[in-house]
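I'll drop the sequence and a predicted model, then ask my questions.
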Amino acid sequence: MGTDATGMDIFSRVLFAPRVDLAIALFGTSLSAILGVFLGAIAGYYEGHGRLLGFGSALIMRSADVIQAFPVFVFAIAVVAVIGQSVQSLVLAIAFVNTPIYLRLMRSQCLSIRGMRYVESSMVSGTGDLLIIIKHIIPNSIAPILAQLSVNIGWAILLTSALSFIGAGVEAPTPEWGSMISMGFQNIVTGHWWPSIFPGLALAFTVLGFALVGSSVEILSDPIRTKKLLMSRPLVGKPT
Amino acid sequence: MRRFLLFFGKRLIFVFPQLFGIMLVSFLLLQLIPGDPAVLMAGPFATPKVLETLRIDLGLDKSVAEQFLIYFKNVLRGDLGNSWQTTRPVTEDLLQRFPATLELIILSLTLALSIGVPLGRAGARLKTGFTRKVADYYGLFAGALPDFWLALVFIYIFYSVYSLVPAPLGRLDFMIIPPQIVTGSLLIDSILDLNFQAFKNSVGHLVLPVLTLGLINAGPILKMTQATMERMLEEDFSKYAELCGLPDKVIAKKAFRNSLPSVITIVSVLFGFLIGGAVLVEIVFSWGGAGQYAVNGVLNADFNPVLGFVLISALFSLVIYLIVDLLYFYIDPRTH
Amino acid sequence: MQEKMILSIDELSVLFPNDEMTSAIPVLNKASLNLKKGEIVALVGESGSGKTILSRAIMNLIPSPGYISDGKIIFNELNLLDLQREEMVKIRGRKISLIVSNPKGELDPLETVGQQICNVLIHHLDFSYSQAKKKAISLLRDVRIPDPESRFNAFPHELSGGMAQRVIIAIALACDPELIISDDATSGLDVTVQAQVLDLLDKLVREKGSSLIFITRDLGVAAHFADQIMVIYKGQIVEKNNVQDFFKDPKHPYSNLLLASFSNDPEIKKIWTQKLSLEPEDISIKKCVFCDRCIKAKPKCFHSEPEMITIEGDLQVRCFNPIERAL
């Protein structure tokens, strides 16, 4: 694929870059998922309760509202700026920005499952709250959260690259797709397209891969849709 | 009509506590930042005297609560502090830059809607065939492409190779006389001013960034439209319409009308996101937009622009969600 | 004189493939029926007997993955199954219309009920909007909805179940169809509302001389206003007769079981419902569909399928041992 302006080989850098991006994205997204699921379960389960627990639930939701009102990108950059530029700050930035998503997802799942009969009967028979959350609510909410996770990881990679592109993310000369694209930026105008285009393509395909995995998880977790998918095979007998 | 006003009034009232909450959180974040707040606001080149004056003005020697009060009063007056990089009031800077971003976002989303909605509709109606494949793949790809990269690709093709558009430097070429600022939107202002040179030139500069953001954001719109329409076509009312022998076009129209709330939702989410999220495209094209302004602030420890931007864009988001709720109210008779 | 047959279903079979796609379950199994012009026929059967699928088959709108594997549906000397989609679209709602149950769920929540009536008028009969609106209001009046002019602008969620059902009837009748199919139109309604809706349907159908297939699980309702009654079990029509003779002397064991279920006499109930069929269905063996629950079953019933035989007049039975009553 040629070399870039500083003489480094592009191909090897394109291949090596995902290590960093992926690690950051995975850690950041997992962190936000764990935090978001935990907070969301509380918010959803205790919604409408009186006194302290109900207030806590409302507080969590309003806090999520406020965090989400901030422009995502600028918020992420601000986090990095405050903590200082490093891999850890990127992980934290991603975690911060994504937690409300899982929080809301978990909360809405919680609300709908909470209303189901088998949970009600569990509650009536005296099962402790924590046990109910662990036994009933979490297993049934896993599927949409997993699907979201996959897409999120792809998006987190994009965010990391974007941050690196403007210089607030991973620092050069560590290979990272975003910063590689930014380094090749000036050369585009003079017609040297390869330092920027290849990393971008690699980025796009990686994110695409995660999106595909996410949509497959979504389909497979819903038995009705899985059936529909399998039925696009030829039918037995004579169709009309 | 009365119910509408009641609804509108109720929602409007909620805006104020939300704004207050955002101001509070922004202010507290400011407190968290390591370093001398006076330096953050006045910049590394400020003289000790300037810093001293600033400290007194902002009440940095007083309690946190009192500082917040001062801050709050200033904001209400429209005083968002000064940027030491541009040496101008943040309010002025934003007034100049926000319209640039808004013009970009509005045009891009319009393009995105005109691609995403028809393709999504067609994709939902046709189970197989070429159009359906196009819709499916487009939705998948568009969400995965990094916008800053696509912008570079377009610059390479349309500027470097084919020289179809002017150089990607800002909204207007240096030599062109800019129109009188009325709205801040170059397109509208140049028409109002009958300045057709400026109009033509600004269109040229708008083409690539709008194309970039429009094509990419068409993806989520397409996916949402298609998924919702497919669901609506499986609903009982669609099956009943088929039983009544209504033509396909009518059934599709009904299904689409029932899908509108989802489409509106996704557009509003994208709008809110793009206010800060268009930054990358703004940087690539040196657009001089608000997001770019804020990012520069963060990267150079110029704090007032960042705070001001966060506040204003939060305000915008709230306004958008209010409009969206009003639209829901209008479309769906069940909310009355 | 041979009266004109408006609908003639001949050995119609509808199959649904099973989950693994290895075989198919017959939901309708060589079902046949004949309907004269102006006749009201009640189609009675339990849940899962295939009544609704039959109504959808006449419209050629079997939900996938089901499909019509065999048979003919002759409507006015035309086999509906031979028609192209565009031609069939012109017949649905216009010459043959369907009254569905669960009316509020089937109406478009974002359109006024008046507009939804106008839709069929505009698209089938080429009415202009103002013509359609006038006709729609008079239809609302016909189905006895109070204050039709303002109800025209009502949305489905603003109506009660009974009123929504009347709107569905109005839509079904709007284009003066020759054949109306009512699929469980009155289940889910309050008893008093049920009676009103039935009376309404009776009156309107007889006035226009349309034919009606009235699908129901309720024998009492069938007795109320049908001319003929057909009993369907597991996808097959097992008995057909005029209403008076049927209730006096039901011939098929299943018909007797049905009537016994409604009986107040516990003895009669016990006799007919003795046998419960609990074995899984093996569709490859040819036998009478009812033999597993039949207290009159003979060995022959387990090895061959009885044909539909016309015994006399209106009476047709599909059974090797129809019940003979001592007179």
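Perfect, I can see it now. Numbers count the residues shown, from 1 in each chain, chains lettered A, B, ... in the order given.

in which helix or strand would I find the nearest residue to C:Pro148 once chain neighbours are set aside?
Sequence neighbours aside, C:Leu140 is the residue nearest to C:Pro148 in space, at 3.7 Å (criterion: CB to CB, 6 or more residues apart in numbering or on different chains). (Glycine included, C-beta is placed from N, CA and C.) Assigning secondary structure by DSSP states H and E places C:Leu140 in helix C:129-142.

what does C:Asp70 give?
Counting by DSSP H and E, C:Asp70 is part of strand C:67-75.

and that strand, what other elements does it pack with?
If you count contacts as 3 or more CB pairs under 8 Å, 6 or more residues apart in numbering or on different chains; DSSP states H and E, strand C:67-75 packs onto strand C:5-17, strand C:24-36, helix C:51-58.

what about C:Asn147, distance to chain A?
Wrong residue type there; residue C:147 is Asp, not Asn. Counting by CB to the nearest CB, to the nearest Å, the gap from C:Asp147 to chain A is 38 Å.

list the contacts of the helix holding C:Leu140.
Identification of contacts with helix C:129-142 by CB atoms under 8 Å, 6 or more residues apart in numbering or on different chains yields C:113-114, C:117-118, C:121-122, C:127, C:148-149, C:151-152, C:166-167, C:170, C:173-174, C:204.

for that helix, what is the average pLDDT?
Throughout helix C:129-142, pLDDT has a mean value of 93.

hang on, isn't A:Gly200 packed against B:Ala151?
No. Taking contacts as CB atoms under 8 Å, A:Gly200 lies outside contact range of B:Ala151: 10.1 Å.

where are the low-confidence patches of chain A?
A:1, A:4-7, A:48, A:50, A:171-173, A:186-193, A:222, A:224-225, A:228-240 (pLDDT under 70).

nearest residue to the most centrally placed residue in it other than its sequence neighbours?
In chain A, the centroid-proximal residue (CA atoms, centre = their mean) is A:Asn152; its distance is 2.2 Å. In space, and not counting its chain neighbours, A:Asn152 is closest to A:Thr29: 4.9 Å by CB to CB, 6+ apart.

let me see the contact set for that neighbour.
Shown in contact with A:Thr29 (CB under 8 Å, 6+ apart): A:Ile94, A:Ala95, A:Asn98, A:Leu149, A:Asn152, A:Ile153, A:Ala156.

please produce CSV containing these, extended by secondary structure.
Formatted as CSV, the contacts of A:Thr29 follow (DSSP: H, G, I helix; E, B strand; the rest coil):
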residue, secondary structure
A:Ile94, helix
A:Ala95, helix
A:Asn98, helix
A:Leu149, helix
A:Asn152, helix
A:Ile153, helix
A:Ala156, helix
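
of the residues you listed, closest to B:Ile115?
Ranked by distance to B:Ile115 (CB to CB), those are led by A:Asn152 at 25.0 Å.

wait, B:Ser317 sits on B:Leu274?
No. Contact criterion CB under 8 Å: B:Ser317 and B:Leu274 do not qualify, at 10.7 Å.

which of these two has more neighbours?
Between B:Ser317 and B:Leu274, counting by other CB atoms under 10 Å in any protein chain shown, B:Leu274 is the more crowded of the two (26 against 23).

state whether the more buried one is indeed within a helix.
Yes. Counting by three-state DSSP, B:Leu274 is located in a helix.

state the phi and psi torsions of C:Val238.
The phi/psi pair for C:Val238 (degrees, to the nearest 10) reads phi -100, psi -20.

same thing with C:Val317?
For C:Val317, the backbone dihedrals (degrees, to the nearest 10) come out as phi -140, psi 150.

how about the contacts made by C:Gln316?
Here C:Gln316 is in contact with C:Glu239, C:Lys240, C:Asn241, C:Met308, C:Ile309, C:Thr310 (criterion: CB under 8 Å, 6+ apart).

tell me which element the first one is part of?
Translated: C:Glu239. Under the criterion of DSSP H and E, C:Glu239 resides in strand C:236-242.

in its sheet, what does that strand sit against?
Strand C:236-242 has the following strand partners under DSSP bridges: strand C:228-233 (antiparallel), strand C:315-317 (antiparallel).

so what touches that strand?
The contact list for strand C:236-242 (CB under 8 Å, 6+ apart) reads C:28-33, C:227-232, C:246, C:250-252, C:254-255, C:289-290, C:308, C:313-319.

out of those residues, which end up buried?
The neighbour count (16 or more other CB atoms under 10 Å in any protein chain shown) marks C:28-33, C:227-232, C:246, C:250-252, C:254-255, C:289-290, C:308, C:314-319 as buried among the contacts of strand C:236-242.

what ranges do the helices span in chain A?
A:10-45, A:51-69, A:72-83, A:87-114, A:117-124, A:129-132, A:138-165, A:177-183, A:185-190, A:194-220, A:223-230 (DSSP state H).

revised request: answer the last question for chain B.
For chain B, the helices defined by DSSP H cover B:2-32, B:37-42, B:48-58, B:64-77, B:90-125, B:130-144, B:147-154, B:186-192, B:196-234, B:236-243, B:248-277, B:279-284, B:290-299, B:303-331.

correct me, but B:Thr131 touches B:Gly120?
No. B:Thr131 lies out of contact with B:Gly120 (CB under 8 Å); the separation is 11.0 Å.

just the pLDDT at the residue nearest in space to the middle of chain B, thanks.
Among the residues of chain B, the one closest to the centroid is B:Ile275, at 3.0 Å (CA atoms, centre = their mean). On the pLDDT scale, B:Ile275 is placed at 87.

that one and chain A, how far apart?
Per CB to the nearest CB, B:Ile275 is found 6 Å from chain A.

and for B:Ala314?
Counting by CB to the nearest CB, the gap from B:Ala314 to chain A is 5 Å.

for stretch B:198-210, C-alpha coordinates in PDB please.
Once non-C-alpha atoms are left out, stretch B:198-210 reads as follows in PDB (Å, rounded to 0.1, in the frame of the first residue of the first chain):
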ATOM      1  CA  ALA B 198     -22.100  34.700  -3.100                       C
ATOM      2  CA  PHE B 199     -25.000  32.300  -3.600                       C
ATOM      3  CA  LYS B 200     -23.300  30.300  -6.300                       C
ATOM      4  CA  ASN B 201     -20.100  30.200  -4.400                       C
ATOM      5  CA  SER B 202     -21.600  29.100  -1.100                       C
ATOM      6  CA  VAL B 203     -23.500  26.400  -2.900                       C
ATOM      7  CA  GLY B 204     -20.300  25.100  -4.300                       C
ATOM      8  CA  HIS B 205     -18.800  25.000  -0.800                       C
ATOM      9  CA  LEU B 206     -21.800  23.300   0.600                       C
ATOM     10  CA  VAL B 207     -21.900  20.500  -1.800                       C
ATOM     11  CA  LEU B 208     -19.300  18.200  -0.400                       C
ATOM     12  CA  PRO B 209     -20.000  18.500   3.300                       C
ATOM     13  CA  VAL B 210     -23.700  18.200   2.800                       C
END
